[in-house]
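*Asks:* build me a structure from this.
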Amino acid sequence: MKKEPILSVRNLEICFSQYTKGLNRIDSKAINNLDIDLYKGEILAVVGSSGSGKSLLAHSILGILPSNAVTKGDIIYKNEPLDEKRKEKLRGKEIVFIPQSVNYLDPLMEVGKQVKISIKDKKNSNNILRNVLKKYNLEEKVEKYYPFQLSGGMARKVLLSSALVSDCEVIIADEPTPGLDEKSLNEALKDFRDLADSGCALLIITHDISAALKIADRVAIFYGGTTLEIATAKDFKNGGENLRHPYTKALFNALPNNSFTPIKGSQPLASELPVGCLFYDRCEKRTPDCENIKPEMKEIRDGKVRCLYAT
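*Replies:* Model prediction:
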C-alpha cells in the first residue's frame, strides 16, 4: 500500500501583478505547474539556481507571500486543503519555518525569549534552551543578546535552534546552513536527519547540492518556476548516470568535485518563458518538438521528470 504524503503541492502557479507607466497592469508568472510531495520521515531537498521558485514555494505553503501575489493550484496538508486560514493556524506550530534571512528575528526581543516561543514544555524551557544553544557552541549569555549583537553565523544558529526545539510535524528550511562553521554545519545536518528519522517531514531549500545529498532522501530540481525532476539521492551516485533530465545532469556535472563543467546560457526570465521546454535553449539534446511542446511530468524509474525524451 502506497503511503500518503503529509504535504502535497499540485499545479502551483504564482503570478505577481505590477503596474507600469500609464497604469498598465502586467502579470508576471514566477511559478508554473509546480508539483511536489513530502512524506513523513523524509528529507526532500529542493535545489535550483536563484530565481527558480524555491523560496516562493516555501512562502506559498506558509501563507507569507506579498499582497500582489495571485496563486492558483492546490496545497494539501494531511489530506485537507491548506487554505489561508489554516496556514495561519498551523504556521509556527505544526509547520515551522527556518527563513533564509536573519531579519526574521524580532529586533526588540532577546533571542533566548524568541527561541522559547517554540518550546511547548514551558516547565523545562530554560534547560531546553541552554542545551540547544550549547549544541551550536553559543554561550549561555547569548540568550540575553538582541539580534543586532549577533554575527551572521550566530543569528543562523538561533534560527535553527528555534525550529529544532519545536514539536512540529513539518519543517521548511530556506538556505539554513550558509555562514555556519564546518562543525555547526555537520551538527545541523545531523539534527535534520535525526528529526526525519523520528517522523518529522523536512523540506530543505538549498544551493548546496553536496550538503543536501549527505542527508536527503529525495531531491527536487527546480528551473524557471517549475519542477524538472524529482530523483532519489541514490540517483546522484556513479556520476549521476541514473539522473533523468539533461538539466539535472548538467547541474550535477557543474559541481567542483565533479567535472566542473559550466552550463552555457541562463535561466529564462519569468516574463519571457518559452512555449515549450524551459531548458530548450540550453539543452544539447533538444529537438524541434522541444521548442513547441511543453513536457508533462511523468514517472520514470521510481522518479519523476518533465522531459519529452527522458528514459
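*Asks:* next one, pLDDT for Asp302 please.
*Replies:* On pLDDT, Asp302 comes in at 92.
*Asks:* run a quick neighbour tally on it.
*Replies:* 12 (other C-beta atoms under 10 Å). Every residue, glycine included, has its C-beta placed from N, CA and C.
*Asks:* the one 4 residues further on now?
*Replies:* Applying other C-beta under 10 Å, we find 25 residues neighbouring Arg306.
*Asks:* isn't it up against Met297?
*Replies:* Yes - applying C-beta atoms under 8 Å, one finds Arg306 in contact with Met297, separated by 5.0 Å.
*Asks:* between these two, what contacts are shared?
*Replies:* Thr227 (C-beta atoms under 8 Å, 6 or more residues apart in numbering).
*Asks:* restrict the helix or strand containing Asn127 to CA atoms and write it as PDB.
*Replies:* Using DSSP states H and E, Asn127 sits in helix 125-135. C-alpha atoms of helix 125-135 as PDB (Å, rounded to 0.1, in the frame of the first residue of the first chain):
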ATOM      1  CA  SER A 125      12.100  25.700  28.700                       C
ATOM      2  CA  ASN A 126      15.300  27.100  30.300                       C
ATOM      3  CA  ASN A 127      17.100  23.800  30.200                       C
ATOM      4  CA  ILE A 128      16.000  23.100  26.700                       C
ATOM      5  CA  LEU A 129      17.100  26.500  25.500                       C
ATOM      6  CA  ARG A 130      20.500  26.200  27.100                       C
ATOM      7  CA  ASN A 131      21.100  22.700  25.700                       C
ATOM      8  CA  VAL A 132      20.300  23.700  22.200                       C
ATOM      9  CA  LEU A 133      22.400  26.900  22.400                       C
ATOM     10  CA  LYS A 134      25.300  24.800  23.800                       C
ATOM     11  CA  LYS A 135      24.900  22.300  20.900                       C
END
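*Asks:* who's in contact with that helix?
*Replies:* 112, 115-116, 119, 121, 139-140, 142-143, 157, 161, 164-165, 187, 191.
*Asks:* what about stretch 232-240, start to end distance?
*Replies:* With C-alpha to C-alpha, to the nearest Å as the measure, stretch 232-240 spans 11 Å from end to end.
*Asks:* residues in contact with that stretch: which ones?
*Replies:* Contacts of stretch 232-240 (C-beta under 8 Å, 6+ apart): 209, 213, 216-219, 242-244, 248-249, 252-253, 258, 302-303.
*Asks:* so how far is Val219 from the most centrally placed residue in the chain?
*Replies:* Geometric centre of the chain, nearest residue: Ile205, 2.7 Å, by C-alpha atoms, centre = their mean. To Val219, Ile205 is 11 Å away according to C-beta to C-beta, to the nearest Å.
*Asks:* next: Pro295.
*Replies:* Distance from Pro295 to Val219, by C-beta to C-beta: 19 Å.
*Asks:* now Leu129
*Replies:* Taking C-beta to C-beta, one finds Leu129 at 33 Å from Val219.
*Asks:* neighbour count winner among these two?
*Replies:* Between Leu129 and Val219, Val219 has the larger neighbour count (other C-beta under 10 Å), namely 26 against 21.
*Asks:* what about the strands in the stretch 151-300 of the chain?
*Replies:* Using DSSP state E, counting those that start in this stretch, the strands found in the stretch 151-300 of the chain span residues 170-174, 201-206, 218-223, 226-232, 298-300.
*Asks:* returning to what we had before: identify the bridge partners of the residue nearest to the centre of the chain.
*Replies:* As for beta bridges, Ile205 partners with Val46, Asp174 under DSSP bridges.
*Asks:* tell me the mean pLDDT for the helix holding Asn127?
*Replies:* On average, helix 125-135 scores 93.
*Asks:* list the buried residues in it.
*Replies:* 125, 128-130, 132-133, 135 (16 or more other C-beta atoms under 10 Å).
*Asks:* can you list the residues you listed in CSV and add distance to Ile14?
*Replies:* Shown next, in CSV, are those (distance: C-beta to C-beta, whole Å):
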residue, distance to Ile14
Ser125, 37
Ile128, 37
Leu129, 36
Arg130, 41
Val132, 34
Leu133, 36
Lys135, 36
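*Asks:* tell me the one of the residues you listed nearest Asn24?
*Replies:* The closest of the buried residues of helix 125-135 to Asn24 turns out to be Val132 (C-beta to C-beta; 51.2 Å).
*Asks:* would you check how far apart that closest one and Asp191 are?
*Replies:* Taking C-beta to C-beta, one finds Val132 at 9 Å from Asp191.
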